[in-house]
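Peer 1: whatever this is, show me its structure:
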Amino acid sequence: MSIETDAGKITIKASEFKAKCLKLMDHVAETGEEFVISKNGRPVARLVPFREKPASLHGIDRGRIEILGDIIGPLDIDWEADSSLERDAGN
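Peer 2: Numbering: from 1, shown residues only. A predicted model of the protein is given here:
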């Protein structure tokens with residue numbers, strides 16, 4: 001099988017893809033790798049693993065993000081914008 005890699009992309013000729021389609025589909029399903037299928041040296045399609053899209057984005061990162069500390073309370077930092085407001089108010 002002649003597979004070319006270019007910037008992390010795996011490219012396979014359409015004729016080889018046709019001959020090894022089922023094997024490549026299994027490989028993509030197992031590894032998550034993507035293949036670019038080319039015809040006459042030009043990319044024409046991609047074979048990518050199937051992923052269900054969530055019905056809603058609400059809660060998509062639940063359990064993957066952890067909030068540390070107080071994200072609502074005021075910061076103990078003087079902002080540059082605050083000092084310019086005080087300077088303008090003094091004029």
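Peer 1: in the biggest helix by length in the chain, what counts as buried?
Peer 2: Longest helix in the chain by number of residues, with DSSP state H as the criterion: helix 14-31. By neighbour count with 16 or more other C-beta atoms under 10 Å, helix 14-31 contains the buried residues Phe17, Leu24, His27, Val28. Bear in mind the C-beta positions are built from the backbone N, C-alpha and C, glycine included.
Peer 1: shaky segments in this protein?
Peer 2: When residues are selected by pLDDT under 70, those of the chain lie in 1-8, 82-91.
Peer 1: which residues of it fall in strands?
Peer 2: With DSSP state E as the criterion, the chain has strands at 3-6, 9-13, 35-39, 42-47.
Peer 1: one step back: tell me the gap between the longest helix of the chain and the middle of its chain.
Peer 2: Distance of helix 14-31 from the chain centroid (C-alpha atoms, centre = their mean, to the nearest Å) equals 23 Å.
Peer 1: ok, back up a step: tabulate the strands of the chain (JSON lines), appending distance to Glu66.
Peer 2: Converted to JSON lines, the strands of the chain look like this (distance: least, C-beta to C-beta, whole Å):
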{"stretch": "strand 3-6", "distance to Glu66": "36"}
{"stretch": "strand 9-13", "distance to Glu66": "34"}
{"stretch": "strand 35-39", "distance to Glu66": "36"}
{"stretch": "strand 42-47", "distance to Glu66": "34"}
